[in-house]
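Student: Build me a model from this:
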Amino acid sequence: MLSAINSRWWAWPLIGTVALVAGCVGVPPLFGVKADYLWTDRLLLVLVVVTLFAIAYVRQREHLAGPWRQVFRRPLGMAALVVLSAYVVVALLDSIHFLTPLPQRGPGASVQYSVNPISVFDVIVGPLRRHTEQTYSAPFATHLLSKQTVQRPDGTQARVYARLKYGGAHLSDPARQETNDILRRLGIAVVQALLLWALVVAAVAFVLGRRSGTGIGTALSDMAAGRCPVPWRTLLGTVFVLLLLIFAAVHLGGAYHIFGTDKVGQDVFYLSLKSIRTGLVIGTLTTLIMLPFAILLGIMAGYFHGWVDDLIQYFYTTLSSIPGVLLIAAAILSIQVLIANHPGWFDTDAERADLRLLALCGILGITSWTTLCRLLRGEALKLREVDFIEAATAFGVRHFTIIVRHILPNVLHIVLIIVVLDFSGLVLAEAVLSYIGVGVDPSTTSWGNMINGARLELARDPMVWWSLAAAFVMMFTLVLAANVFADAVRDAFDPRLRRQ
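Tutor: Have a look, this model is predicted:
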């Protein structure tokens with residue numbers, strides 16, 4: 001049975017898909033909640049399934065697996081992959097939404113559910129979501145940023161900086177105890193990160209030693225000296241830094257507001273983490289929408305030449321001539337009017353905001369495929385003149401078969417390189433569009449909305465800078481990791497660089 005499954009490359013991805021769908025449908029009722037998957041949640045689930053099948057397919061094709069092995073041998077590429085994986089895990093956990101049951105009014109009454117969906121990520125970081133203050137507070141502060149009028153026991157009133165409800169509430173004398181308490185919590189985080197990291201290193205060394213037959217000690221020395229094909233030293237070092245940050249956030253986030261709070265008292269660190277899903281949805285779903293247009297039209301224009309080429313060139317040249325921001329603004333405003341005129345289409349505000357996010361992905365996908373289309377057209381023009389394409393044409397092979405079996409595999413490296421490079425640009429595009437008011441819905445947590453809200457906060461006295469800083473740090477880390485990984489992918493898949 002197991003050998004029959006291993007002989008078919010699609011068997012294990014199919015089993016994983018069935019298990020994933022069964023878990024998404026069957027697990028929520030076991031916990032007494034109701035699954036409430038938004039459209040973007042479902043599309044991300046489809047993306048995960050496609051990724052599983054793509055990995056299984058690539059493993060069976062040496063001409064595809066070889067370049068990926070080169071990617072995994074690059075230290076900076078593997079470090080970036082670890083960071084990107086952490087972002088992806090947060091986004092996937094934040095894409096499993098459910099509705100919690102409301103208190104029953106009496107015995108025998110039907111179960112009613114809340115209209116505000118929460119995600120698995122919200123449950124994991126519960127203290128960050130629940131610890132809401134009155135208004136602004138600085139990072140690691142124990143008092144509000146602005147003075148408030150309070151009444152003293154003798155009946156007089158005074159303007160003081162009030163204590164926070166949650167930030168440093170466990171301290172009786174914050175002025176003296178706060179620094180020592182933060183250092184103590186950081187020390188615990190370092191110890192826990194070291195212990196877990198040591199277990200990870202031991203597990204990796206055990207697997208490598210058993211696979212090579214040399215033992216754990218030899219595997220550890222090879223990893224430390226960098227003699228393994230995979231740069232385990234860089235990879236495990238990045239894992240340690242990531243574990244340290246996670247444990248530090250766990251110990252400090254429950255007792256303090258790491259990045260302070262915003263105008264309504266929400267934890268800014270929580271908002272910056274919630275924005276990861278929005279950024280990844282924009283980057284991934286927009287790419288999925290863009291690829292069919294770019295691949296199909298680009299290859300057709302280069303392969304068929306003639307009037308087909310002229311028609312496709314006229315189409316994407318006309319689309320490229322329209323200012324992108326104006327086109328996106330017009331489409332988003334049209335979506336807003338549609339949503340306002342049909343409120344009955346949406347049961348919750350989350351569904352309304354999700355439709356606008358999905359519409360933004362579609363608009364960005366429609367307006368961003370032209371560059372890849374031009375590149376594929378030029379490559380197809382060159383490939384249609386090579387010997388094996390002319391031989392296939394002479395033997396009477398159908399055009400569709402030639403495109404699928406001969407041209408498409410030879411342009412996949414361009415597609416992959418452009419997709420990875422464009423991902424960071426799409427993440428930045430969401431921030432810019434939300435900043436000018438034509439991005440995601442204002443109720444959607446995103447880095448663009450955080451930056452947009454920070455415009456007036458920077459003009460306050462005292463200045464509120466931490467919302468902008470938190471969005472900048474999270475977005476900068478994601479874009480930097482994506483660009484570094486894109487460089488590794490480009491170097492591995494570009495035929496000219498491989499020859500060098």
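
Student: Which positions in the longest helix along the chain come out as buried?
Tutor: Of all the elements of type helix in the chain, the one with the most residues (DSSP state H) is helix 174-212. Residues of helix 174-212 classed as buried by neighbour count (16 or more other C-beta atoms under 10 Å): 174, 178, 181-182, 185, 189, 192-193, 196-197, 201, 204-205, 208-209. The C-beta positions use only the backbone N, C-alpha and C, and glycine is treated the same way.

Student: For it, give the mean pLDDT please.
Tutor: Average pLDDT, helix 174-212: 90.

Student: So which other helices or strands are in contact with the helix or strand hosting V46?
Tutor: If you go by DSSP states H and E, V46 is part of helix 39-59. Contact analysis of helix 39-59 by 3 or more C-beta pairs under 8 Å, 6 or more residues apart in numbering; DSSP states H and E lists helix 11-30, helix 62-72, helix 75-93, helix 268-304, helix 349-367 as its packing neighbours.

Student: how about the second one as PDB, C-alpha atoms only?
Tutor: Presented in PDB, the C-alpha positions along helix 62-72 are these (Å, rounded to 0.1, in the frame of the first residue of the first chain):
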ATOM      1  CA  GLU A  62      15.300  16.700 -11.600                       C
ATOM      2  CA  HIS A  63      15.500  19.700 -13.900                       C
ATOM      3  CA  LEU A  64      13.200  21.500 -11.500                       C
ATOM      4  CA  ALA A  65      14.600  20.000  -8.200                       C
ATOM      5  CA  GLY A  66      18.200  20.800  -9.100                       C
ATOM      6  CA  PRO A  67      17.800  24.600  -9.100                       C
ATOM      7  CA  TRP A  68      15.800  24.500  -5.800                       C
ATOM      8  CA  ARG A  69      18.700  22.500  -4.200                       C
ATOM      9  CA  GLN A  70      20.900  25.400  -5.200                       C
ATOM     10  CA  VAL A  71      18.600  27.800  -3.500                       C
ATOM     11  CA  PHE A  72      18.700  25.700  -0.300                       C
END
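
Student: Now it: average pLDDT?
Tutor: Per-residue pLDDT over helix 62-72 has a mean of 82.

Student: rewinding a little: arrange the helices and strands packed on helix 39-59 in TSV, one row each, with distance to Q151 and mean neighbour count as further columns.
Tutor: Shown next, in TSV, are the helices and strands packed on helix 39-59 (distance: least, C-beta to C-beta, whole Å; neighbours: other C-beta atoms under 10 Å):
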stretch	distance to Q151	mean neighbour count
helix 11-30	47	13
helix 62-72	65	14
helix 75-93	43	18
helix 268-304	30	23
helix 349-367	38	20
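
Student: and H413, which of those helices is closest to it?
Tutor: Proximity to H413, assessed across those by C-beta to C-beta, is greatest for helix 62-72 (7.6 Å).

Student: Tell me which other helices or strands that closest one touches.
Tutor: helix 39-59, helix 408-435, helix 466-493.

Student: Specify the angle between that helix and helix 466-493 in degrees.
Tutor: Here helix 62-72 runs at an angle of 130 degrees relative to helix 466-493 (axes from the mean of the first three to the mean of the last three C-alpha atoms, to 10 degrees).

Student: which residues touch helix 62-72?
Tutor: For helix 62-72, the surrounding residues in contact (C-beta atoms under 8 Å, 6 or more residues apart in numbering) are 57-59, 77-78, 229-230, 409, 412-413, 488-489, 491-493, 498.

Student: Just the buried subset of the residues you listed, please.
Tutor: Neighbour counting with 16+ other C-beta under 10 Å marks V58, G77, M78, V230, H413, A488, V489, D491, A492, F493 as buried within the contacts of helix 62-72.

Student: Quick check: mean pLDDT of the helix holding V46?
Tutor: Per-residue scores along helix 39-59 average to 86.

Student: same check, this time on stretch 461-470
Tutor: 86.

Student: same check, this time on stretch 114-122
Tutor: 85.

Student: I would like the residues contacting that stretch, please.
Tutor: Counting by C-beta under 8 Å, 6+ apart, 36, 38, 90, 93-102, 129, 273-274, 277, 347-350 sit against stretch 114-122.

Student: Distance from the chain centre to that stretch, please.
Tutor: From the chain centre to the centre of stretch 114-122 is a distance of 19 Å (C-alpha atoms, centre = their mean, to the nearest Å).

Student: So for it, what gets flagged as buried?
Tutor: Of all the residues in stretch 114-122, those buried under the rule 16+ other C-beta under 10 Å are P117, I118, S119, V120, F121, D122.

Student: before we move on, back to that, put together CSV for the helices and strands packed on helix 39-59, with distance to F395 on each row.
Tutor: Output for those, formatted as CSV (distance: least, C-beta to C-beta, whole Å):
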stretch, distance to F395
helix 11-30, 34
helix 62-72, 23
helix 75-93, 41
helix 268-304, 17
helix 349-367, 37
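
Student: can the helices and strands packed on helix 62-72 go into JSON lines with extra columns for distance to L456?
Tutor: Below are these laid out as JSON lines (distance: least, C-beta to C-beta, whole Å):
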{"stretch": "helix 39-59", "distance to L456": "29"}
{"stretch": "helix 408-435", "distance to L456": "13"}
{"stretch": "helix 466-493", "distance to L456": "11"}
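
Student: circling back: now, which of the contacts of helix 62-72 sits nearest Q157?
Tutor: Nearest to Q157 among the contacts of helix 62-72, with distances taken as C-beta to C-beta, is M78, at 60.4 Å.

Student: And that closest one, how close does it get to V200?
Tutor: Per C-beta to C-beta, to the nearest Å, M78 is found 14 Å from V200.

Student: Could you check the angle the helix holding V46 makes with helix 268-304?
Tutor: Going by the same axes, to 10 degrees, helix 39-59 makes 60 degrees with helix 268-304.

Student: Specify the angle between helix 39-59 and helix 11-30 in degrees.
Tutor: Helix 39-59 and helix 11-30 are oriented at 150 degrees to each other (the same axes, to 10 degrees).

Student: now helix 39-59 against helix 75-93, angle please.
Tutor: Using the same axes, to 10 degrees: helix 39-59 against helix 75-93 is 140 degrees.

Student: Of all the residues in helix 39-59, which ones are buried?
Tutor: In helix 39-59, counting by 16+ other C-beta under 10 Å, buried: T40, D41, L43, L44, L45, L47, V49, L52, F53, A56, V58.

Student: just stretch 129-142 next, same as before
Tutor: R129, H131, E133, Y136, S137, A138, P139, F140, A141, T142.

Student: With stretch 162-173 instead?
Tutor: In terms of neighbour count (16+ other C-beta under 10 Å), stretch 162-173 has its buried residues at A162, L164, Y166, G167, G168, L171.

Student: what does stretch 445-465 give?
Tutor: So stretch 445-465, judged by 16+ other C-beta under 10 Å, has buried residues 445-454, 457, 464-465.

Student: So which of those residues belong to strands?
Tutor: Among the buried residues of stretch 445-465, none falls in strands (DSSP state E).

Student: hang on, the earlier thing: may I ask which two of the buried ones among the contacts of helix 62-72 are separated the most?
Tutor: V230 and H413 (22.0 Å).

Student: if we can go back for a sec, ok, of the buried residues of stretch 129-142, which one's closest to L383?
Tutor: When the buried residues of stretch 129-142 are compared against L383 (criterion: C-beta to C-beta), the nearest one is R129, at 53.0 Å.

Student: Leaving out the residues flanking it, which one is nearest to that closest one?
Tutor: Leaving aside its sequence neighbours, R129 sits nearest to D122 (C-beta to C-beta, 6 or more residues apart in numbering; 5.4 Å).

Student: Pull the most distant pair out of the buried residues of stretch 114-122.
Tutor: Farthest pair in the buried residues of stretch 114-122, by C-beta to C-beta: P117 and F121, 11.9 Å.

Student: Show me how far the one helix or strand T238 maps to is from its chain's centre.
Tutor: Per DSSP H and E: T238 is located in helix 232-253. Averaged C-alpha coordinates place helix 232-253 at 18 Å from its chain's average position (C-alpha atoms, centre = their mean).
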